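Q: Predicted model follows, preceded by the sequence.
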Amino acid sequence: MPTEEIHLTIMPSVPEELATYFASLGSCEANAVLIGTQIDLRALTNAPLGRTDSVMTKLSHNGIALIYRYGAIMFFNATVSETAQLIALCQPFTTNLFTKPETERFSVQIVPSHSEGIKEGKVFIQKVTKQRLEIIGNALSKSVTLDYQENSISSLFVKVEPIAKRLSEKGKLGHTAKELLQHIGATLLVSQEMIGKIEVAEKPTLLWEQPHLEPLYQQMFDDLEIKERQEIINQKINLIAKTAETSLGVLEHSHSNRLEWYIIILIAIEIVLQLYELFFKPMLHG
């Protein structure tokens, strides 16, 4: 889709009339969708964005969306058609587009008199502001990205487990060095994506300017078990990398031993030929 056909209304803040509309609803659904590993925000919006990680846009029926450069889109009060349309709009600018996007939902309650935080599986906020939506979006988009990482690592884990089992039982391998290097490469790629793009453990920079929102973020961070899930993923990454590297070392050792035997056989043949030249050949022609 050509850039000039795109019509995204980028909002620096939530307009007062839109905030009032959300307040009149009393609640809305927050839906995080991970459509790929990266969205080119500058090309998508055709605007100078600096180093921002996300942009906020208004949807046609009083919904709001946050689009993140690491492939996630956060929808607030969006219809099914609005969700599908925005995803379709972002797809041409998305790297490693997923055939089946990861999704995660949360109920947002807008109650001015209620303390802000998580209660009974719902997130309570006193009013709709860009900062509050960014807090919710940051936590949920990280969570849905962790879902993708967890599935990717689990897939790798299934492939690497038989290698470790064969090493333990037979002390040898049935995989080639190329396949093992692919395992290592895939593991390092997942690790690089996590560290370099989504910055799971990093708090939003807006908390420096809005410290009163930190309890809201921390409660969401804890409720979604962001830290614990990241630690488990890191442990699996280390185990997979260690298994693959150990297996590759065994293969290299095996190839080295095989090469040594080839050299020994060649030397033995050379010795036999020299003995033949020195002793047996003169006897046959004597």
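A: Cool, got the structure.

Q: I figured residue 13 hits residue 132, correct?
A: No. Using C-beta atoms under 8 Å, residue 13 is not in contact with residue 132; the gap is 11.4 Å. Glycine gets a C-beta too; all of them are placed from N, C-alpha and C.

Q: Settle it for me: which of the two has more neighbours?
A: Applying other C-beta atoms under 10 Å to residue 13 and residue 132 shows that residue 132 carries more neighbours, namely 23 against 11.

Q: quick one: the closest residue to that one other than its chain neighbours from residue 8, how far?
A: Spatial nearest neighbour of residue 132, excluding adjacent residues (C-beta to C-beta, 6 or more residues apart in numbering): residue 125 at 4.9 Å. Between residue 125 and residue 8 the distance, using C-beta to C-beta, to the nearest Å, works out to 25 Å.

Q: Residue 99 now?
A: Distance from residue 99 to residue 8, by C-beta to C-beta: 24 Å.

Q: try residue 141
A: Distance from residue 141 to residue 8, by C-beta to C-beta: 18 Å.

Q: Which of these two has more residues huddled nearby?
A: residue 141 (26 against 20).

Q: Tell me how far that one lies from residue 120.
A: Distance, residue 141 to residue 120, using C-beta to C-beta: 23 Å.

Q: Domains in this structure, by residue range?
A: Here the domain parsing of the chain from the TED database is 16-127, 147-258.

Q: Quick check: which of those is nearest to residue 137?
A: Ranking the domains of the chain by their distance to residue 137 (criterion: C-beta to C-beta) puts domain 16-127 first, at 3.8 Å.

Q: distance between the ends of the closest one?
A: With C-alpha to C-alpha, to the nearest Å as the measure, domain 16-127 spans 11 Å from end to end.
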